[in-house]
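> need the 3D shape of this:
(one chain, ligands or ions: 2)
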Amino acid sequence: MTKNDLNSVRNCRVCDAPIEAFMSFGQQPIANGFLTSAQVADEYFYEMKPAFCARCCMFQIMDQPAAERMFHGEYAFFSSTSRYMQAHFAKFAKEAMETVLAGRADPFVVELGSNDGIMLGNFKEKGFRHLGVEPSSNVADVARAKGINSISEFFSPALAERIVAQHGHADFMSAANVMCHIPDINGIAAGVKTLLKPDGVFMFEDPYLGAMVEKTSYDQIYDEHVFIFSALSVQNVFARHGLELVDVAPQITHGGSMRYTISPKGARPVSDCVAKQLAWERGQGLDNPATCDRFRANCEASRDQLLTLLEKLRQEGKRVVGYGATSKSTTVTNYCGIGPQHVEFISDTTPIKQGKLSPGAHIPVKPYAAFADNYPDYALLFAWNHAAEIREKETSFTAAGGKWIVYVPKVGIES
Ligand code: TYD
Ligand code: ZN
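Residues are numbered from 1 along each chain as shown. Ligands and ions are numbered 1, 2, ... in the order given. I've put the predicted structure just below:
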């Protein structure tokens with residue numbers, strides 16, 4: 001694939017049924033493509049249009065930029081920047097050790113999209129044989145520097161075979177916020193089947209369609225998130241590859257996620273939670289394309305309200321600063337038409353983003369001190385998925401009269 005290729009479909013990536021976009025988020029840049037002013041002229045855009053497959057219930061974007069444009073040697077996303085996420089993965093790893101891995105002799109653990117080792121570090125510490133698969137070499141380097149075994153390649157059935165040849169089959173596999181990135185999900189599922197032991201377990205978590213529809217958190221949709229999963233769609237994908245959805249567990253991370261547990265069919269008992277979740281999803285219409293029309297209307301209302309609010313504050317001469325240069329915020333700024341005229345800069349703790357411009361909207365990204373040393377009137381909470389952690393940390397901002405602008409689940413001002 002060349003860098004210019006769009007992964008563009010007219011048929012469902014899972015089941016091949018014809019699909020059509022039900023709305024457009026307009027021209028969008030690479031969500032993590034923070035850039036210098038010299039790079040603005042060559043910035044890449046594509047039209048972001050979501051679709052829903054009526055046959056297998058998979059929510060997906062029609063066109064996805066080539067993987068090489070998104071995940072490369074300068075990938076700007078480092079998992080370990082959030083304290084809460086570190087605690088989340090420590091707990092996830094502990095649960096796997098106490099359930100799936102308990103009593104197994106010399107188990108082998110594989111993580112897909114292991115990033116800077118935030119999850120695998122927990123296994124490494126306890127002496128587990130482990131391997132991380134992380135295509136973005138700069139983040140994998142960070143993991144390697146911590147002694148976490150990592151290879152910088154895209155996961156595929158062929159790679160699964162090579163891993164088996166070198167290390168044997170996996171007892172436990174995990175993936176967090178990565179399965180929804182991979183357009184060839186059938187290839188991944190086939191690779192998981194190849195790599196797992198007959199009684200192996202694969203657990204993965206990703207932003208949850210049920211939460212996105214409920215909260216109108218349309219910013220979960222961006223180039224990297226080619227899919228937004230539900231239990232219905234996940235069950236359908238893995239069933240095609242001799243694998244079974246045996247458990248589901250809602251997570252508060254990333255603004256509402258779901259953890260799916262997958263095993264070779266018949267290998268493990270299926271939890272009652274699966275049937276309950278599937279019934280809840282049918283009740284919410286997550287098996288029904290009409291739900292997308294409702295979602296679209298909610299997105300449009302949210303966009304109009306947020307832009308109206310920011311325009312009003314601009315006319316009043318208020319200072320508004322963005323908090324957290326998230327990937328999600330790229331969808332929001334570009335869909336709503338938010339630019340430096342509304343948001344003076346975005347404060348972010350990730351060094352690689354600082355001094356750059358936000359993708360598409362070209363709002364300057366500055367270190368945290370720029371916010372903390374000169375509080376604005378309003379902080380636009382782009383990192384809303386970390387609201388609890390941030391609100392706790394920023395009590396002096398609100399004590400000084402600063403207010404938060406939020407847009408999930410509703411547009412509003414909070415003090
Ligand atoms: P993240 O939650 O991973 O969202 P996305 O997947 O949409 O990119 O990113 C959070 C971003 O916010 C990251 O760039 C770090 C930044 N951040 C801060 O600047 N301060 C904070 O207190 C927190 C929690 C995050
Ligand atoms: Zn389908």
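> just the helices in the chain please.
67-70, 83-98, 120-125, 137-145, 157-167, 185-195, 209-215, 231-239, 272-284, 290-315, 327-336, 368-372, 387-393, 395-399 (DSSP state H).
> quick check: which of those is buried the most?
helix 327-336 (a mean of 25; mean count of other C-beta atoms under 10 Å). All C-beta spots, glycine's among them, are computed from the backbone N, C-alpha and C.
> alongside ligand 1, which residues does the stretch 201-350 of the chain contribute?
Gly324, Ala325, Thr326, Ser327, Lys328, Ser347, Asp348, Thr349, Thr350 (C-beta under 6 Å from any ligand atom).
> hmm, try it at 8 Å
Neighbours of ligand 1 within the stretch 201-350 of the chain, by C-beta under 8 Å from any ligand atom: 219, 222, 254, 323-329, 347-350.
> now these: which count as buried?
219, 222, 254, 323-329, 347-348, 350 (16 or more other C-beta atoms under 10 Å).
> between those residues, which sits nearest Glu20?
Tyr222 (20.3 Å; C-beta to C-beta).
> give me the low-pLDDT residue ranges for this structure?
Within the chain, the ranges that satisfy pLDDT under 70 run 1-4, 73-77, 81.
> show me what counts as buried in stretch 5-15.
For stretch 5-15, by 16+ other C-beta under 10 Å, it's Asn7, Val9, Cys12, Arg13, Val14, Cys15.
> including distance to ligand 1, could these go into CSV?
Output for these, formatted as CSV (distance: C-beta to the nearest ligand atom, whole Å):
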residue, distance to ligand 1
Asn7, 20
Val9, 24
Cys12, 25
Arg13, 21
Val14, 23
Cys15, 28
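> could these go into JSON lines alongside distance to Tyr208?
Below are those laid out as JSON lines (distance: C-beta to C-beta, whole Å):
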{"residue": "Asn7", "distance to Tyr208": "23"}
{"residue": "Val9", "distance to Tyr208": "22"}
{"residue": "Cys12", "distance to Tyr208": "19"}
{"residue": "Arg13", "distance to Tyr208": "19"}
{"residue": "Val14", "distance to Tyr208": "17"}
{"residue": "Cys15", "distance to Tyr208": "20"}
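> show me the residues you listed that map onto strands.
Asn7 (DSSP state E).
> which bits of the chain sit near ligand 2?
Neighbours of ligand 2 within the chain, by C-beta under 5 Å from the ion: Cys12, Val14, Cys15, Ala17, Cys53, Arg55, Cys56, Met58.
> redo that, cut-off 8 Å
12-17, 19, 53-58, 233, 236 (C-beta under 8 Å from the ion).
> what count of nearby residues applies to Ser152?
18 (other C-beta atoms under 10 Å).
> surely it and Glu134 touch.
Yes. Counting by C-beta atoms under 8 Å, Glu134 is a contact partner of Ser152 at 6.1 Å.
> pick out the residue in the stretch 151-300 of the chain sitting closest to ligand 1.
When scored by C-beta to the nearest ligand atom, the stretch 151-300 of the chain has His254 as its residue closest to ligand 1, at 6.5 Å.
> how does the protein divide into domains?
Listed by automatic domain parsing, the domain ranges of the chain are 3-64, 79-275, 291-414.
> quick one: the residue lying farthest from the centre of the chain and Ala211, what's the gap?
Using C-alpha atoms, centre = their mean, the residue of the chain lying farthest from its centre is Glu316. It sits 35.3 Å away. Glu316 is 33 Å from Ala211, where distance means C-beta to C-beta, to the nearest Å.
> now do the buried residues in stretch 339-349.
Quick answer for stretch 339-349 (16+ other C-beta under 10 Å): His342, Val343, Glu344, Phe345, Ile346, Ser347, Asp348.
> pick the one among those closest to Phe123.
Scanning the buried residues of stretch 339-349 for proximity to Phe123, where the rule is C-beta to C-beta, the winner is Asp348, at 29.2 Å.
> contacts only, for the closest one.
Contacts of Asp348 were listed using C-beta atoms under 8 Å, 6 or more residues apart in numbering, and they are Gly324, Ala325, Gln354, Val365, Lys366, Pro367, Tyr368.
> including distance to Ser80, could those go into TSV?
Output for the contacts of Asp348, formatted as TSV (distance: C-beta to C-beta, whole Å):
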residue	distance to Ser80
Gly324	15
Ala325	16
Gln354	17
Val365	19
Lys366	21
Pro367	17
Tyr368	16
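> which single one of those is nearest to ligand 1?
Looking across these and measuring by C-beta to the nearest ligand atom, the closest to ligand 1 is Gly324, at 3.1 Å.
> can you tell me the closest non-neighbouring residue to that closest one?
Ala383 (2.6 Å; C-beta to C-beta, 6 or more residues apart in numbering).
> Thr349 reaches Lys366, doesn't it?
No. Using C-beta under 8 Å, Thr349 makes no contact with Lys366, being 10.6 Å away.
> now do Met48 against Pro183, distance only.
From Met48 to Pro183 the distance is 14 Å (C-beta to C-beta).
> neighbour count for the two, which is higher?
Met48 (26 against 18).
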